[in-house]
Structures are given as structure tokens and as C-alpha cells.
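Trainee: how would this look folded up:
(chains A and B)
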Amino acid sequence: MDEFLRLFTYGFFQKALLAALFTSISAGITGTYIVSRRIVFIGGGITHASFGGIGLAFLLGFNPLLGAALFAVLTAYGIQFFSDRVHIREDSSIAIWWSLGMALGVIFVFLTPGYTPNLMSYLFGNILTVRTSELWAMLLLLILLCAFFARWYREILYIAFDEEFARASGIPVRFFNYSLMTLIALVMVMNIRAVGIILILSLMTVPQATANLFTRDFRIMMLLSVVFAFCGTFTGLILSYFLNIPSGAAIIFTLILAFALFKLLKREKWSHARR
Amino acid sequence: MEKPIVHINHVTFAWDQEPVLEEVDLKIFDRDFIGMIGPNGGGKSTLIKIIMGIITPDKGKIYFREDLPRLKRPIGYLPQVKNIDRQFPITVEDVVRSGALMRQIPFATAAHEKARALELLEEMGMVAFHRKAIGELSGGQMQRVFLCRALISDPRLLILDEPDTFVDNRFEGELFEKLQELNQKMAILLVSHDMGTITSSVRTIACVNRRLHYHASPDITTDDLKTYNCPIELITHGEIPHRVLQKHHHHG
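Mentor: The predicted model follows:
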């Protein structure tokens, strides 16, 4: 217990805790959007393609998150553009961008001379080593995201629910779609630090699935997702520290366990109610 | 002479070189009640999208009467329920309020908007469901909610896209009564495959199969349909005799 309390006085742990909080809020909000719109696999394409940017950054020696952001945003636009204009089926378009990014990443990392020690932390995340500058970037992005959703909540909801109707009413649907994809791509990149490229997607879908057990109101689903995401990341963070396992995996494991538990509890309650 | 509220003038449209609509003309007047029929893929949905401004025609234009506000098209739209994602996390109240986007003048406050939404739901007997998720409703209940969404913008033209599919019989009767009542205040364009619906409620018929043929009466015969080159798969109800197979008047 003593050690547990002392943990909160360590600078690195305080930073990790803040990162967990920022990550949970941003993933809770954007995740609700992508789950509701059924564009989870666009998210998959974006996160995996961002590996290309990380590889490029290793090769040329600049900040890997910048490279990831570049690739993530380009992929988001690429997928949208391919299915809008080039008439390629959306799922095929996702697969093309997804694998292109990964392939480029592998080539870049291979070409990088010497050993690339941090590679694993980008693939699987390491929230315990998050830097102050990264926290600032996360906070800035979070403020931008919250402001965007607060200002245009209804427009976002209506476009997601019935895009055609929204277009008929004259909302600039394309502007919203591209802006939201940009924000989502950036949120994903910022969350690479917490859970890593491979696991980001679950942070944006598992808490939402849990929230969806209790509500089918978009606004409440966002709030609940944030709560579940934070409980999961916090618990995962503690587990990661004490068991000395990678934070990303610990977090995702906790989230899925929570989902399974609530799902079972709910079924129990249901079958009681039915009798 | 009375001017039409909407005038579709020589509209031509193609998807990827494939012509869907050719030289389509239609005038919709105040208090018209037009039934739109035609084969699947004949261009009905495309024409509706053009009227609503979702797509722009390749040739031709849509005119709205000068006295109508310019800002937004004065249209209420009831989509096909089967195109709605039933899993989407949105409440009934929010669905109705989304219709306020189509208003010429937005409600002064969110509270006004909410009050009007609840009032409309009350009229449709759906107010008890306003906190429910859209997916928890039956097909007929969903259509009532979407009718509220269409009406919250005080439209001059109400477009209904096949409202008779997936609807329970009880609601169908209520819906068509409601439409007659609404028709006192607005024009109605009703897309349907159901000849019973068409002949019992509309006043005129538009057959759409690439071209549009206007039939100034609700009675239409298979011969008419042949002349209009408008083969349709009709839904008929049991052995109830149908006007569609019999009389042959008002031709052209």
C-alpha cells in the first residue's frame, strides 16, 4: 500500500496519469464517433499506416510522432478521396492505405543504420515514459477536439446519423467529414504513446462497447466511454507498473475484461427481469 | 395563373455516363398530392435527391416560387426506414430536432426547438418514446418519428419515400389520414409501389422511368403504363378489385 501511494509522488507517474486522462477523454469522444458511424476500420487503416511515418522519422532523424501524424492525416484523406472520387470500394481502399503505410515503415526502419531501440515503444506503447512536451501537445489537441465537438455537437451527430439529410439541409458535410478525420487521425497519433499503434483501435472501441451496454444516447455514450476508458487506462497503468508488463497490453486487457464483466452482469440482470 | 411552388425544368442526369433521368419536367403546385411510381432503378430516388438539392442535375434546373424563402429548400423528407441505421445511438427527440436544420429561420432557443419537437411527437402519439433510442422502435413508430422530423421545418412540400413498406396496417391507415390533413397545408409527393395507396390517396400520378410522364388523375391503367413505358411491379392486396386493371379514362 505504501508503495502504491508513493507512486503518486513520482514525476514520471504523475505524467503517465495525466497522459492516461488526456488519452481517455480524446479516445472516448472520437471513438464514440467512429463506432457510431461504423468507420472503425478506417481508424485501423490510419493507425497502422502511421507506422510508415515513424519509420521515415527514424531514417531521417526527426520526431517519430510528427512522422506518424503526417502519415495518419494523409491516409485519412487518401481513404476518403479514393472512395469519393476514384470509386474504389471503401474497404479495399482502407486495405491499400493500411498496407502501404506498414510496408513503407518496414522499408524505412530496415534502411535506418544501427539499432532502433524505441521501435517497440511505438508499436506497443509505453505510457510510463511520456514526456512533458508530449503532454502539452496532447492537452492542446484535447482542447481543440472538445471545442470542436462542443461548438458543432448537433451538426456532427446529425451528419453521422443521416449524412444525406444533413447534406440536403445545407450543412457543409464535406468540411465536417475532413475536419473530423483530421482530428481523429491526430488523436490516434497522440495516443500511440499510451497504447501503441497496434492497440489504439481498442481504446477507441472497447470503452464504447461497454458504454453502449448502458445507453444509446450519443452524448451519454461519449461521457460513459471517457469514464470507462479512464478506469481502464488507470488500472492498466498500475498493473503495468507492478507486474512490469507493457502498458498498452495491460490497458487493453483491463478494458476488455471490464467489458466482459459488465456484459455478463447485464445478461444476468436481464434474465432476472424476464422471469 | 397559379405558379408552381417547385418547377423541375428539363432535368437530365447521368451516373458515370449512364443516363438516369432525361428531360424531366414536373410542376408541383400548392396542395398537390402526387404519387410517384416507376420501376426500381428508373430514377425515382435520383429525382428526389435532385429536388432536395443533394445532387445537381447535369442539365436543366429546379425553380422554387419567388415568394418562398431562399435560404433553404422548403421541403420535408421522410426517408425509407430500411436505410436508417437502427444501431445508431441517437434518441427519438434528437432525430426530430435534426429536422430543424431544414428550417428557414432556426428556433430562437434550444428550448423552443425541444418544445416543438415534443409537441409534434405528442400529435403522433409518440411523446412517451422521446428518450428512447431510435432502434428500439418498430418500423411504423420510426416512420411517425421521421414524419415529425420532416414537419418540424414547416415545409411547403412533403416528400415521402415508400412509406408503405414495413409498416403495420394500423399505422398505414393513420398515416394516410394524417397525410390528407397535412395536404390542406402543403403539397405532397409520395413515392410508392403500392397501387392501393396510390389510387386511394393521391390526386395525380407521375411515372418515372428515365423520362417522366404526368398523369392528371389517380386512375391509371396498365395500358397507360405501357404507353408511358413505365413497367412497375405493383403490390396489390388480395382479391380486392383494383381500378388499375379496369377503367380507362382521363387518358393523357
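Trainee: where does the stretch 151-275 of chain A dip in pLDDT?
Mentor: Low-confidence segments of the stretch 151-275 of chain A, defined by pLDDT under 70, span residues A:270-275.
Trainee: does B:Cys207 sit in a helix, a strand or a coil?
Mentor: Classification of B:Cys207 by DSSP: H, G, I helix; E, B strand; the rest coil places it in strand.
Trainee: so it sits right up against B:Ile37, yeah?
Mentor: Yes - B:Cys207 lies in contact with B:Ile37 (CB atoms under 8 Å); the separation is 5.7 Å. (Glycine included, C-beta is placed from N, CA and C.)
Trainee: measure the nearest residue to A:Phe259 once chain neighbours are set aside to chain B for me?
Mentor: Excluding its sequence neighbours, the residue lying closest to A:Phe259 (CB to CB, 6 or more residues apart in numbering or on different chains) is A:Thr210, at 4.6 Å. Distance, A:Thr210 to chain B, by CB to the nearest CB, to the nearest Å: 13 Å.
Trainee: Spell out which helix or strand contains A:Thr210, please.
Mentor: Element membership for A:Thr210 (DSSP states H and E) is helix A:206-214.
Trainee: for A:Leu5, same thing?
Mentor: helix A:2-7.
Trainee: I'd say the residue nearest to A:Phe259 and A:Ala260 touch.
Mentor: No - applying CB under 8 Å as the test, A:Thr210 and A:Ala260 come out as separate, 9.3 Å apart.
Trainee: okay, now the closest residue to chain B within the stretch 1-150 of chain A: neighbour count?
Mentor: Going by CB to the nearest CB, chain B is nearest to A:Ser36 of the stretch 1-150 of chain A, at 5.6 Å. Counted with other CB atoms under 10 Å in any protein chain shown, the neighbours of A:Ser36 add up to 23.
Trainee: For it, which residues are in contact?
Mentor: Contacts for A:Ser36 were tallied using CB atoms under 8 Å, 6 or more residues apart in numbering or on different chains; they are A:160-161, A:218, A:221, B:88-89.
Trainee: So, low pLDDT: which residues of the stretch 1-150 of chain B?
Mentor: B:1.
Trainee: which residues in it form strands?
Mentor: B:6-15, B:18-28, B:33-37, B:59-64, B:75-78 (DSSP state E, counting those that start in this stretch).
Trainee: Please name the bridge partners of B:Asn209.
Mentor: B:Arg211 (DSSP bridges).
Trainee: is it true that it touches B:Asn40?
Mentor: No - counting by CB under 8 Å, B:Asn40 is not a contact partner of B:Asn209; they are 10.2 Å apart.
Trainee: between the two, which one's more packed in?
Mentor: When B:Asn209 and B:Asn40 are compared for neighbours, B:Asn209 comes out ahead with 20 against 9, by other CB under 10 Å.
Trainee: which bits of chain B sit near chain A?
Mentor: With the criterion set to CB under 8 Å from any CB of the partner chain, chain B comes near chain A through B:16, B:49, B:52-54, B:72-73, B:75, B:77, B:79, B:84-85, B:88-91, B:94-95, B:97-98, B:101-102, B:131, B:133, B:135-136.
Trainee: got the residues of the stretch 51-200 of chain A near chain B?
Mentor: By the rule CB under 8 Å from any CB, the part of the stretch 51-200 of chain A lying against chain B is A:87, A:154, A:157-158, A:160-162, A:164-171.
Trainee: For those, work out which two are farthest apart.
Mentor: A:His87 and A:Arg154 (31.4 Å; CB to CB).
Trainee: Who has more neighbours out of these two?
Mentor: Neighbour count, other CB under 10 Å: between A:His87 and A:Arg154, A:Arg154 has more, with 16 against 9.
Trainee: A strand includes that one, no?
Mentor: No - read with three-state DSSP, A:Arg154 is helix and lies in no strand.
Trainee: Let me see the contact set for it.
Mentor: The contact partners of A:Arg154, taken as CB under 8 Å, 6+ apart, are B:97-98.
Trainee: what's around A:Ile171, how many residues?
Mentor: Neighbour count for A:Ile171, taken as other CB under 10 Å: 19.
Trainee: Please look at it and A:Ala160 and confirm they touch.
Mentor: No - with contact defined as CB under 8 Å, A:Ile171 does not count as touching A:Ala160 (11.6 Å).
Trainee: Closest residue of chain B to chain A?
Mentor: Closest point on chain B to chain A, by CB to the nearest CB, is B:Ala133, at 3.3 Å.
Trainee: check contacts around that residue.
Mentor: A:216-217, B:89-92 are the contacts of B:Ala133 under CB under 8 Å, 6+ apart.
Trainee: and the angle from the longest helix along chain A to helix A:206-214?
Mentor: The helix that spans the most residues within chain A, counting by DSSP state H, is helix A:247-274. If you take axes from the mean of the first three to the mean of the last three CA atoms, to 10 degrees, helix A:247-274 sits at 10 degrees to helix A:206-214.
Trainee: what comes up buried for helix A:247-274?
Mentor: A:247-255, A:258-259, A:262 (16 or more other CB atoms under 10 Å in any protein chain shown).
Trainee: what separates the closest residue to chain B within chain A from B:Thr91, distance-wise?
Mentor: Chain B sits closest to A:Arg216 of chain A, with a gap of 3.3 Å, by CB to the nearest CB. A:Arg216 sits 8 Å away from B:Thr91, going by CB to CB, to the nearest Å.
Trainee: Same check on A:Leu139?
Mentor: To B:Thr91, A:Leu139 is 32 Å away according to CB to CB.
Trainee: same question, B:Val20
Mentor: Distance, B:Val20 to B:Thr91, by CB to CB: 36 Å.
Trainee: Next up, the contacts around B:Lys59.
Mentor: B:10-13.
Trainee: go on, B:Pro231?
Mentor: Residues in contact with B:Pro231 (CB under 8 Å, 6+ apart) are B:39, B:209, B:225.
Trainee: quick revisit: scan the contacts of B:Lys59 and report the most crowded one.
Mentor: Counting neighbours by other CB under 10 Å, B:Val11 leads the contacts of B:Lys59 with 24 neighbours.
Trainee: ok, B:Val24 touching B:Gly60?
Mentor: Yes - taking CB under 8 Å as the definition, B:Val24 is a contact partner of B:Gly60 at 7.3 Å.
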